[in-house]
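Trainee: how would this look folded up:
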Amino acid sequence: MMYTVGINSDGFGSQYQAFMSGIAYCEYKKYTYIHTPIKILDPKRDGNVEEMNHFIGIPETPLSEEYNNKNIITELYSKLVHESLNPSIYYTDKVVKKIRDFYYSTEKPEINKVDIAIHIRRGDVSSQTFVDHFTSNEYYKKIIEFMKTKYPNYTITIFSEGDINDFMDLKDENVFFKLNTCIKETFHSLVKAKVLIMAKSSFSYTAAILNENEIYYQDFWHKALNHWNLLTNI
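Mentor: Numbers count the residues shown, from 1 in each chain. All right, here's what the predicted structure looks like:
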């Protein structure tokens, strides 16, 4: 059986997570994954379509003439994987290695060393819109205090969108800001960080899957992998 993730117009992180879910689903079901690349992105937020397809490194699957499109199951994402309460069932070591190998098969931007990366979702969310996607600065301040205690020799870099005035209450010694930077630089910084603090976001969820270090997760609709740390007690 062949399976593909169909075309949608979501942001980069959401589309990338859909691809990851398709790869994981096919490994679980013993299906053949057929890759349909990104076709639509908002160039202001998500970059160039061709560049981002190259960035994630998943090869497009050439179909032999013997295949008929009617034999390919097409979904926007794997519901089984996306809605799982235990996604580690699907994101096995084998699957994650495959996704990482794809990712590292193409060149990545040069980035500065990042000790602790905190992804704060802004731009498309606020305290008035998409409230279930939003996490307040007040909560992030608690996270920063926790990180300073747990990792006293690490610097903290906040990756987000907006103006520095939106984050003045988070300014502190050894806290730095990367706002509105290149999407590839931001994403790769999250992937390579020694410690990654996720947002309620597919963007940082996919980066967390690729990241081989310490992950801190705040609960939202896509559940944590088994080895991630939960931010429930902060």
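Trainee: max-length helix in the protein?
Mentor: helix 12-29 (DSSP state H).
Trainee: name the helices or strands packed onto that one?
Mentor: strand 2-5, strand 32-33, helix 49-56, helix 79-82, helix 93-103, helix 202-210 (3 or more Cβ pairs under 8 Å, 6 or more residues apart in numbering; DSSP states H and E). Where C-beta positions appear, they are placed from N, C-alpha and C, glycine not excepted.
Trainee: other SSEs contacting the lowest-mean-pLDDT helix or strand in the chain?
Mentor: Lowest on mean pLDDT, DSSP states H and E among the helices and strands of the chain sits helix 43-46, with a mean of 83. Applying 3+ Cβ pairs under 8 Å, 6+ apart, we find helix 43-46 packed against no helix or strand.
Trainee: Tell me the buried residues in it?
Mentor: Residues Asp46 are the ones in helix 43-46 that count as buried (16 or more other Cβ atoms under 10 Å).
Trainee: quick one: pLDDT of Ile209?
Mentor: Per-residue confidence (pLDDT) for Ile209: 98.
Trainee: That one touches Leu225, doesn't it?
Mentor: Yes - at 7.3 Å, Ile209 and Leu225 qualify as touching, with contact defined as Cβ atoms under 8 Å.
Trainee: Can you pick out the residue with more neighbours from these two?
Mentor: Ile209 (22 against 17; other Cβ atoms under 10 Å).
Trainee: contacting residues for the residue nearest the centre of the chain?
Mentor: For the chain, Thr206 is the residue whose C-alpha lies nearest the centre (Cα atoms, centre = their mean; 2.5 Å). Residues near Thr206 by Cβ atoms under 8 Å, 6 or more residues apart in numbering: 13, 16-17, 20.
Trainee: So what's the gap between the least confident helix or strand of the chain and the chain middle?
Mentor: Centre-to-centre, helix 43-46 and its host chain are 16 Å apart (Cα atoms, centre = their mean, to the nearest Å).
Trainee: Which neighbours do Ile209 and Leu225 have in common?
Mentor: Common contacts of Ile209 and Leu225 (Cβ under 8 Å, 6+ apart): Tyr91.
Trainee: give me the element Ala199 is part of.
Mentor: Assessed by DSSP states H and E, Ala199 sits outside every helix and strand.
Trainee: picking up where we left off before, including distance to His119, could the helices and strands packed on helix 12-29 go into a markdown table?
Mentor: Shown next, in a markdown table, are these (distance: least, Cβ to Cβ, whole Å):
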| stretch | distance to His119 |
| --- | --- |
| strand 2-5 | 23 |
| strand 32-33 | 27 |
| helix 49-56 | 17 |
| helix 79-82 | 19 |
| helix 93-103 | 17 |
| helix 202-210 | 4 |
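Trainee: Please work out which of those is packed deepest.
Mentor: Mean neighbours per residue, mean count of other Cβ atoms under 10 Å, is largest over the helices and strands packed on helix 12-29 for helix 202-210, with a mean of 24.
Trainee: C-terminal to it, what's the next element?
Mentor: Where DSSP H and E defines the elements, the next helix or strand beyond helix 202-210 is strand 214-217.
Trainee: Tell me how far the helix or strand that comes right after that next one lies from the chain's centre.
Mentor: As assigned by DSSP H and E, the chain's next helix or strand after strand 214-217 is strand 229-230. Centre-to-centre, strand 229-230 and its host chain are 16 Å apart (Cα atoms, centre = their mean).
Trainee: Then stretch 34-46?
Mentor: For stretch 34-46, the distance to the chain centre is 14 Å (Cα atoms, centre = their mean).
Trainee: what comes into contact with it?
Mentor: By Cβ under 8 Å, 6+ apart, stretch 34-46 touches 2-9, 11-12, 15, 19, 47-49, 52-53, 58-61, 63, 72, 123-124, 183.
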